[in-house]
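# Dropping a prediction and its sequence here:
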Amino acid sequence: MKKLLSILFCIVFLVSCRKSVSTDILPSSIEPVSEESSELWFPSEESEEPEVSIEISSIESSEAPSPASSKASSQKSSSSNTTASSKKPAVSSAAKPVRPPKPPELRGVWISYVDFPAAFGATEKSFKEYIDKTFQDAKNAKMNAVFVHVRPFADALYPSKYFPWSHCLTGTQGKDPKFSFDPLTYMVDKAHALGLQFHAWLNPFRIKLHNTMPTTTAENNLETIHPEWTLKNPSDGLTFLNPTIPEVRTLVCNGVKEIVDKYDVDGIHFDDYFYGNVASKPEVKGIAIKDFTECVSTLVRDIYSAINKRCEFGISPSGNVEVSEGMGAAVRMWGKTAGYVDYLCPQIYWTDLYYKDFAKYNVVLKRWSTEVVTSASVRLYVGLGIYRVGRDDIAEDKGWMTGTKTIIKDQVGQARKYTENYNGFVLFSVRDFYTPQERVDELNNLKTILN
């Protein structure tokens, strides 16, 4: 009897142990992975790489997905997991174009806000058509970089938390174009897909060119929300930010960081409009040009530091050194000192036939190369005025009317002799690639020395 009871006790004990193992060892939150779903975790080595497509028209906005779209995506993913054995997860075939390698010689063209389609009032279709054609034409002209106006009047051709939408897209400042894509993302990706660098061209201070440009301003225009930050010339209505105010410098620097953080631009580019000569007028503010210039240089240094080599940062001042410095641009200090700019691109819009020797192209070029841009960390690009070819209204410079059809080609050839710091050129502007015929001929002759 005792033996029988012992056997029964052992049987009960063994059954109890088996039940405990089968139900208690695995936590309830972990489901064992079946063999059928194992390929979700271990893709087959025979899987083919997805075909890469860089069709620009299909690029989506860089905005984060809405909660609704995220939920739909989650539901779709959940349902597909149940059939993983018969169908692997879909992989997106879209690939973002990457930055082209830095060229040994930069060959750029400026694309100004005045060149934008439909005299401000672009549709998705007209915007894409203009960008596609213009960038392709730049590529066909053997350019390797485009410098595009993306902030012309303290407004933006991209969604910004600091500046209103630009009137250059819709005709009305502050009006959302409601494109299905981010205009700046589209432009950067299009340029890179064509092997072109994309430089974001900004006017750091300008709010209004005159009383009617822009014709109307947005509710969040800086002149409206921070009039104490602005200066205005009463004679023509020119309105601009005052860089002697620390908050203004912070705003401009933050605006640059916004672009560099969000977009894969190859460069941030300022032009020559600093307005120190206007700010110094008694009827405007009477700011001493020395004080104005010091504040501009502080801003330039802060921007250079904020970019932190993620892309190039450069400035295109007037080709006349003294005029540049009179506007608040300390070009000689920037050109000889590391930590301000990666390059200077003086606008040398004269020929060797200019009526005064000090402003002849060859004289000005030599001065910039040997006296101004002297730091080993600063490159020299040369701004060339193809827009002047064939003009008969520039009495002081008959060189533009010689009819040689090789002015720009010869100027590039001269610049290439300054091998210590010359690194390229930029043409103003893209609309002069098409008309008149004299400029078309100049461009075609320039192409003969561009490999």
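Sure, I can see it.
# alpha carbons only for contacts and neighbour counts from here, please
Noted.
# Distance check, Asp271 against Ala329.
Distance, Asp271 to Ala329, using CA to CA, to the nearest Å: 10 Å.
# And the strands in this protein, which stretches?
Under the criterion DSSP state E, the chain contains strands at 106-111, 145-151, 197-202, 206-208, 230-232, 239-241, 267-270, 312-315, 343-344, 379-384, 422-427.
# wait, Phe153 sits on Arg206?
Yes. With contact defined as CA atoms under 8 Å, Phe153 reaches Arg206; the gap is 5.3 Å.
# Of these two, give the one with the bigger neighbour count.
Per other CA atoms under 10 Å, whichever of Phe153 and Arg206 has more neighbours is Phe153, with 28 against 22.
# Relative to Trp165, how far out is the more buried one?
In terms of CA to CA, Phe153 sits 10 Å off from Trp165.
# any low-confidence regions in this protein?
Along the chain, segments meeting pLDDT under 70 span 1-94, 117-119.
# about what we covered before: looking only at neighbour counts, state which of Asp271 and Ala329 leads.
Legend: neighbour count by other CA under 10 Å for Asp271 and Ala329, higher for Ala329 (29 against 18).
# intersection of neighbour lists for Asp271 and Ala329?
Residues touching both Asp271 and Ala329 (CA atoms under 8 Å, 6 or more residues apart in numbering) are Pro317.
# From Asp272, how far out is the closest residue to Thr172 other than its chain neighbours?
Spatially, and ignoring its direct neighbours in sequence, Thr172 is nearest to Thr216 (6.8 Å; CA to CA, 6 or more residues apart in numbering). Distance, Thr216 to Asp272, by CA to CA: 25 Å.
# of these two, who's got more company?
Asp272 (20 against 15).
# which ones are touching the more buried one?
Ile315, Ser316, Pro317, Ser318, Ser324, Ala329.
# show me where this structure has helices.
2-24, 67-81, 124-140, 167-170, 183-193, 222-225, 246-262, 276-279, 289-307, 321-326, 331-336, 361-367, 407-415, 437-447 (DSSP state H).
# Based on its surroundings, how many neighbours for the residue lying closest to Glu223 once chain neighbours are set aside?
Of all residues not flanking Glu223 in the chain, Thr230 sits nearest, at 6.3 Å (CA to CA, 6+ apart). Residues near Thr230, counting by other CA under 10 Å, number 19.
# Bridge partners for Thr230, pull those for me.
Leu241 (DSSP bridges).
# how near is it to Trp165?
In terms of CA to CA, Thr230 sits 19 Å off from Trp165.
# List the buried residues for stretch 269-281?
Within stretch 269-281, the residues that count as buried by 16 or more other CA atoms under 10 Å are His269, Phe270, Asp271, Asp272, Tyr273, Phe274, Tyr275, Gly276, Asn277, Val278, Ala279, Ser280.
# Go ahead and measure how far it is from the middle of the chain.
Centroid separation between stretch 269-281 and its chain, computed with CA atoms, centre = their mean, to the nearest Å, is 22 Å.
# Tell me the span between the first and last residue of it.
27 Å.
# Ok, stretch 319-329 next?
OK, stretch 319-329 end separation, CA to CA: 12 Å.
# mind listing what's buried in it?
Gly319, Asn320, Val321, Ser324, Glu325, Gly326, Met327, Gly328, Ala329.
# for stretch 255-270, same thing?
Buried, per 16+ other CA under 10 Å, within stretch 255-270: Gly255, Val256, Lys257, Ile259, Val260, Asp264, Val265, Asp266, Gly267, Ile268, His269, Phe270.
# What count of nearby residues applies to the residue nearest to the last one when sequence neighbours are not counted?
I take that to be Phe270. Of all residues not flanking Phe270 in the chain, Ile315 sits nearest, at 4.7 Å (CA to CA, 6+ apart). Neighbour count of Ile315, defined by other CA under 10 Å: 24.
# tell me the contacts of Ile315?
Neighbours of Ile315 in contact, by CA under 8 Å, 6+ apart: His269, Phe270, Asp271, Asp272, Val341, Tyr343, Leu344, Cys345.
# For the first one, which residues are in contact?
Residues near His269 by CA under 8 Å, 6+ apart: Phe147, His199, Ala200, Trp201, Leu202, Phe313, Gly314, Ile315, Ser316.
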